[in-house]
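In: the sequence and its predicted three-dimensional model are supplied below.
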Amino acid sequence: MKLKHLFAGAAVAAVSALPLGATELKFANFTPPFHTINASVIEKMNEELSAATDGALTVRGYHGGELGAGPVEQYVRAVQGVADLVWGLPGYTSSQFEKTMIAELPDAIPLDKPGYEALWAAYDQISGEFPGTKPIALWGSEPNIFIMKDVEIRTPGDLQGLKVRVAGATAAKVAEALGATPVQMPISQVYNALQTGLIDGVITGASTLSDFKLDEVANSYTTGANLGRLVFYTVMGQGSYDALSDEEKAAVDAVAGAELSRNAEESWQATADAALKAAKESGDNTVIELSDDEAQAFSDAVADVVNGYVSEVGGEDTLAAMRGE
């Protein structure tokens with residue numbers, strides 16, 4: 001059963017069962033406080049909401065899974081009122097976010113186009129995939145790369161038989177098309193999986209090298225192929241939002257949208273750039289930058305998966321909106 005089928009009833013319960021007893025909004029963060037999300041979204045929201053309401057409305061981050069362990073359950077925490085605000089990845093519950101997940105497909109969005117722009121441009125197409133909540137920010141990570149341990153990836157053939165971690169079902173199909181065996185797990189488990197050899201690598205952004213310390217266990221990085229990007233959301237439970245005063249709602253409305261999303265995405269990109277620069281300069285890593293022709297081989301290998309997925313979810317208009325067509 002799709003999660004979205006469960007949310008409608010839970011949202012109604014949250015509206016009546018979750019009076020906001022304080023002006024401090026609880027933001028559930030499943031990562032440590034040094035993660036990029038803290039400064040780029042949590043602290044920024046706190047600063048802007050506090051300024052707009054003369055300190056009457058603030059945001060406090062609950063880090064490291066303090067409000068509940070596991071990133072997969074983040075969305076439900078907002079709907080059920082465990083937290084007022086959460087951030088997460090649609091890929092962890094990809095069946096709920098069928099059209100949103102198009103943004104994660106290889107070649108769906110050009111490498112030089114911001115993901116947040118694409119997502120908000122398609123918001124009318126994807127808004128129904130966020131039941132029981134008010135979307136506050138939608139953004140993309142830096143473009144995905146191959147982050148590997150003891151393996152160099154230069155062609156699709158180099159992935160044959162390798163175990164590669166992916167974030168969701170869509171990415172799993174991409175990995176299979178490239179000849180790899182997909183292993184789906186939260187990013188918080190990747191460090192140990194790489195260290196112990198459970199997986200050979202991961203398709204994700206370079207920001208994870210510092211945000212999740214993957215630079216300590218990986219030693220080979222391949223850039224240049226359009227392998228898609230991760231999508232992130234910050235949402236507020238509808239019950240929490242409805243319990244706010246009109247002034248507080250106006251402050252939240254003013255913070256929500258493209259600008260906060262842009263700040264988050266640019267912060268992700270800055271983290272990624274710094275992490276990849278450090279990897280190059282360390283002297284004990286291999287960093288492979290594919291030529292246009294080499295990158296095209298990866299695009300060709302996954303084209304059928306991309307086109308098939310878009311057709312399967314009826315996402316042609318969504319893709320066009322994301323691309324600005």
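Out: Great, that's in hand.
In: just the helices in the stretch 201-325 of the chain please.
Out: For the stretch 201-325 of the chain, the helices defined by DSSP state H, counting those that start in this stretch occupy 208-211, 238-242, 246-255, 258-281, 292-312, 316-323.
In: tell me which of those lies nearest to residue 112.
Out: helix 258-281 (11.5 Å; Cβ to Cβ). Where C-beta positions appear, they are placed from N, C-alpha and C, glycine not excepted.
In: other SSEs contacting the closest one?
Out: Packing partners of helix 258-281 (3 or more Cβ pairs under 8 Å, 6 or more residues apart in numbering; DSSP states H and E): helix 36-37, helix 43-52, helix 115-121, strand 133-140, helix 208-211, strand 220-223, strand 231-237, strand 286-289.
In: mean pLDDT and mean neighbour count for the ones you listed - can I get that in TSV?
Out: Shown next, in TSV, are those (pLDDT from 0 to 100; neighbours: other Cβ atoms under 10 Å):
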stretch	mean pLDDT	mean neighbour count
helix 36-37	96	22
helix 43-52	97	17
helix 115-121	98	23
strand 133-140	98	25
helix 208-211	92	22
strand 220-223	98	22
strand 231-237	97	26
strand 286-289	96	15
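In: including distance to residue 189, could these go into JSON lines?
Out: Shown next, in JSON lines, are the helices and strands packed on helix 258-281 (distance: least, Cβ to Cβ, whole Å):
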{"stretch": "helix 36-37", "distance to residue 189": "18"}
{"stretch": "helix 43-52", "distance to residue 189": "26"}
{"stretch": "helix 115-121", "distance to residue 189": "24"}
{"stretch": "strand 133-140", "distance to residue 189": "22"}
{"stretch": "helix 208-211", "distance to residue 189": "12"}
{"stretch": "strand 220-223", "distance to residue 189": "20"}
{"stretch": "strand 231-237", "distance to residue 189": "18"}
{"stretch": "strand 286-289", "distance to residue 189": "24"}
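In: of these, which is nearest residue 24?
Out: helix 43-52 (9.2 Å).
In: and the contacts of the closest one?
Out: Contacts with helix 43-52, where a contact means Cβ atoms under 8 Å, 6 or more residues apart in numbering, come from 25, 27, 57-61, 85, 136, 248, 250-252, 254-255, 260, 263.
In: can I see the domain layout of this protein?
Out: The record's domain parsing of the chain by automatic domain parsing lists 4-141+230-270, 145-228+285-323.
In: could you tell me the least trusted of the ones you listed?
Out: Lowest mean pLDDT within those: domain 4-141+230-270, at a mean of 91.
In: measure how far that domain is from the centre of its chain, please.
Out: 11 Å (Cα atoms, centre = their mean, to the nearest Å).
In: picking that back up, out of the helices of the stretch 201-325 of the chain, which is closest to residue 94?
Out: helix 292-312 (10.4 Å).
In: ok, residues contacting the closest one?
Out: 101-102, 105-108, 154-156, 170, 173-174, 176-178, 224-227, 290, 315-316, 318-319.
In: run the angle between it and helix 316-323 for me.
Out: 140 degrees (axes from the mean of the first three to the mean of the last three Cα atoms, to 10 degrees).
In: returning to that earlier point: buried ones among the contacts of helix 292-312?
Out: Buried subset of those (neighbour count, 16 or more other Cβ atoms under 10 Å): 101-102, 105-108, 156, 170, 173-174, 176-178, 224-227, 290, 315, 318-319.
In: so who does residue 324 touch?
Out: By Cβ under 8 Å, 6+ apart, the neighbours of residue 324 are 113, 117, 118, 121.
In: you'd agree the second one is up against residue 258?
Out: Yes - taking Cβ atoms under 8 Å as the definition, residue 117 is a contact partner of residue 258 at 7.4 Å.
In: tell me how far the ends of stretch 202-216 are from each other?
Out: 14 Å (Cα to Cα, to the nearest Å).
In: buried residues, that stretch. List them.
Out: 202-212, 214-215.
In: quick check: the gap between the residue of the chain most remote from its centre and residue 251.
Out: Computed with Cα atoms, centre = their mean, the residue of the chain farthest from its C-alpha average is residue 54, at 31.7 Å. From residue 54 over to residue 251 the distance is 10 Å, taken as Cβ to Cβ, to the nearest Å.
In: good, wrapping up.
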